[in-house]
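J.: could you look at this predicted model? Sequence included:
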Amino acid sequence: MVETVRHRKWLETGEARLVAGGLTAAAALVVIAYATEIAAATVALMLFHVAALTALAAAWQKAGAAAKNALRNSQELDFLASRLLRLEQQARMPNPGSPVLRSTMAEVTGTVGLLGGVVRELARNVAAQHRDVSDLKDSLQLSPKDGEAERPSLKIVPERRAAATAAPQIALQPDPSLLPVRPAESESEIRRTRLVTQAFEADRVELHLQPVVALPQRKVRFYEALARLRLEDGTLLAPAEFLSHLERLGRAPEFDRRVLTRAIAVARHLVARRSEAIVAVNLSPRSVRDAGFLDSLMALAASAPDIAGKIVLELSQRCWRSLDGDQKEAFSGLGNRGLSLSLDQAPDLAFDARALSDRGIRFLKLPADMLIATAAADNEAEISVRDFAVTLRRAGIKLIADRVEHEDMVPTLIDLCIPLAQGFVFAPPRAVRAEVLEAGQVGPSDLRRAG
């Protein structure tokens, strides 16, 4: 049935009509030759010419159809190329990493590549058919008789096709597959972000305290509040494991507010016990640069005079140096209202003690191994480290040796006149009891939501 339909469609084509015309001409020649008694050799030559002309016409018809297909595919290729240009322009707009857009660009790129292959194949077919036509032309050339001018027995004039309209010039653009695309998050990263968000929304933020002791007595002077986030399965995460996810979601200021709320509860608990210890809270750089967050700190300092001098805000040295004059002035105002400042994560000893003191900074935290290594470099360095601690003390800033992990580090720190130290040698971080946090909770009016 399928073959019958195909044969019927072929009979409706121009090629079938050419074959029919050739057969009709051949039959007519045979009838004429029989009636006029033409020699058989002449009849055979005439039939050969009819067959050759029929084949030549069919070849020209196929070549023309192939050329039309090539032109149509070329126009479609130009249309897809212009569409690809528009997609690339849209890709440079916000949200270039959209999965839908990348998928569309990939589909268009694949289609363009496929059409390019089709056009090249059509071009090869057209060239092959032109070669066949040329061979037929050569086969129809007859040798001239003696004395006659050399001329072809059949003159074949190829049809002239109208010149195709030149396609508009399109600037070459890079393949979309080569364009830089924001790397997509892995499945594990997406899952971790979801777990962190769920724990944060459930307010499973915990506070652990690690003491900072005075040397050489090892008496507790204040506590550093270390935040932890507990997942639903009980896993406890440190800030390095979850803070980047919250920062990406824009939740860092809210997280710091929650930690600060718990630190205030601890400070009030210490005041109730008549303890002189204070509480230090680390702030995220994202929160520090948030104007609304600084406003909430100002409101806190004004509404909680009972904790004045009991809360220390810790910033990294890099974060502090990135602040502009107005932001540093705002932190100076916090210092005047009882919220002292502390700098940590410093890579060197390049500090202007007096300038830091004028900005409200009262503590400076440096790694213990860096202080000891600098002092051990040579005698001049040892004097430099000792004098550095003395210079800070005269400016009203206390130096803290952080990450004291071995007992043999303590005598060296004492010899260098380091007044305060922190590390596992003295005590590990311990979780704050729930009743302590509940007893000293800050109300919503005490710590406004920034924004």
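T.: On my side now, so go ahead.
J.: show me what the mean pLDDT comes to for the strand ranked longest in the chain.
T.: Scanning the chain for the strand with the most residues, using DSSP state E, yields strand 219-230. Across strand 219-230, pLDDT averages out at 95.
J.: pLDDT below threshold where in the stretch 101-250 of the chain?
T.: 101-185 (pLDDT under 70).
J.: returning to that earlier point: show me what the following helix or strand past the longest strand of the chain is packed up against.
T.: Using DSSP states H and E, the helix or strand that follows strand 219-230 in sequence is strand 236-237. Strand 236-237 sits against strand 219-230, with contacts defined as 3 or more CB pairs under 8 Å, 6 or more residues apart in numbering; DSSP states H and E. Where C-beta positions appear, they are placed from N, C-alpha and C, glycine not excepted.
J.: ok now do C319, which residues does it touch?
T.: If a contact means CB atoms under 8 Å, 6 or more residues apart in numbering, then C319 has 283, 285, 288 as its contacts.
J.: pretty sure the second one sits against S322.
T.: By that I understand P285. Yes - counting by CB atoms under 8 Å, S322 is a contact partner of P285 at 7.4 Å.
J.: more neighbours: these two, which one.
T.: Per other CB atoms under 10 Å, whichever of P285 and S322 has more neighbours is P285, with 16 against 13.
J.: what sits closest to the more buried one if chain neighbours are left out?
T.: Among residues not flanking P285 along the chain, C319 sits closest, at 4.4 Å (CB to CB, 6 or more residues apart in numbering).
J.: check which helix or strand that neighbour maps to.
T.: Assigned by DSSP H and E, C319 falls in helix 317-322.
J.: pull out the buried residues from whichever helix or strand comes after that helix.
T.: The helix or strand immediately downstream of helix 317-322 is helix 325-336, counting by DSSP H and E. Across helix 325-336, burial judged by 16 or more other CB atoms under 10 Å covers 328, 330-331, 334-335.
J.: same list, those, but as a markdown table with pLDDT please.
T.: Listed next are the buried residues of helix 325-336 as a markdown table, based on pLDDT from 0 to 100:
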| residue | pLDDT |
| --- | --- |
| K328 | 89 |
| A330 | 87 |
| F331 | 87 |
| L334 | 87 |
| G335 | 83 |
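J.: nearest to P347, of the residues you listed?
T.: Distance to P347, by CB to CB, is smallest for K328 among the buried residues of helix 325-336, at 19.9 Å.
J.: pretty sure the closest one is touching R359, no?
T.: Yes - taking contacts as CB under 8 Å, K328 lies within contact range of R359: 5.6 Å.
J.: please enumerate the helices of the stretch 251-400 of the chain.
T.: For the stretch 251-400 of the chain, the helices defined by DSSP state H, counting those that start in this stretch cover 252-272, 285-288, 291-303, 317-322, 325-336, 353-358, 368-377, 379-394.
J.: OK, contacts around V385?
T.: Counted by CB under 8 Å, 6+ apart, V385 has contacts 349, 371, 374-375, 416.
J.: quick check: it vs D348, distance?
T.: Going from V385 to D348 by CB to CB, to the nearest Å gives 12 Å.
J.: try A240
T.: Counting by CB to CB, the separation of A240 from D348 is 23 Å.
J.: likewise for R218?
T.: To D348, R218 is 28 Å away according to CB to CB.
J.: the more surrounded of these two?
T.: Under the criterion of other CB under 10 Å, the comparison of R218 against D348 puts R218 first, with 13 against 9.
J.: which residue comes closest to the more buried one once chain neighbours are left out?
T.: Spatial nearest neighbour of R218, excluding adjacent residues (CB to CB, 6+ apart): F426 at 6.3 Å.
J.: and that neighbour, its phi and psi?
T.: phi -90, psi -50 (degrees, to the nearest 10).
J.: make 229 the starting number, not 1.
T.: In the new numbering, first residue 229, that becomes F654.
J.: that one reaches R631, doesn't it?
T.: No - using CB under 8 Å, F654 is not in contact with R631; the gap is 11.3 Å.
J.: wait, D518 touches P481, no?
T.: Yes - judged on CB under 8 Å, D518 makes contact with P481 at a distance of 4.8 Å.
J.: name the residue in those two with the higher neighbour count.
T.: P481 (24 against 19).
J.: what distance do you get for the more buried one to P639?
T.: Noted for P481: a distance of 42 Å to P639, by CB to CB.
J.: repeat that for P533.
T.: Distance from P533 to P639, by CB to CB: 41 Å.
J.: tell me the domain ranges of the chain?
T.: What the record gives for the chain is the domain set 230-370, 419-667, from automatic domain parsing.
J.: what's the span of the longest one, first residue to last?
T.: In domain 419-667, first residue to last residue: 35 Å (CA to CA, to the nearest Å).
J.: the residue nearest to R476 when sequence neighbours are not counted: neighbour count?
T.: In space, and not counting its chain neighbours, R476 is closest to T421: 7.4 Å by CB to CB, 6+ apart. Residues near T421, counting by other CB under 10 Å, number 17.
J.: from F579, how far out is D572?
T.: Distance, D572 to F579, by CB to CB: 12 Å.
J.: which neighbours do those two share?
T.: When CB under 8 Å, 6+ apart defines a contact, the residues bordering D572 and F579 alike are L592.
J.: Q426: what's it in contact with?
T.: Counted by CB under 8 Å, 6+ apart, Q426 has contacts 459-460.
J.: ok, now A272?
T.: A272 neighbours (CB under 8 Å, 6+ apart): none.
J.: element containing it, please.
T.: If you go by DSSP H and E, A272 is part of helix 268-319.
J.: average pLDDT across that helix?
T.: 70.
J.: ok, stretch 501-509 next?
T.: Rounded mean pLDDT across stretch 501-509 is 93.
J.: which parts of that stretch are buried?
T.: Those would be 505-509, for stretch 501-509 by 16+ other CB under 10 Å.
J.: hmm, who's touching it?
T.: 437, 439-440, 448-453, 484, 487-488, 491, 494-495, 498, 537-542, 568, 570, 591.
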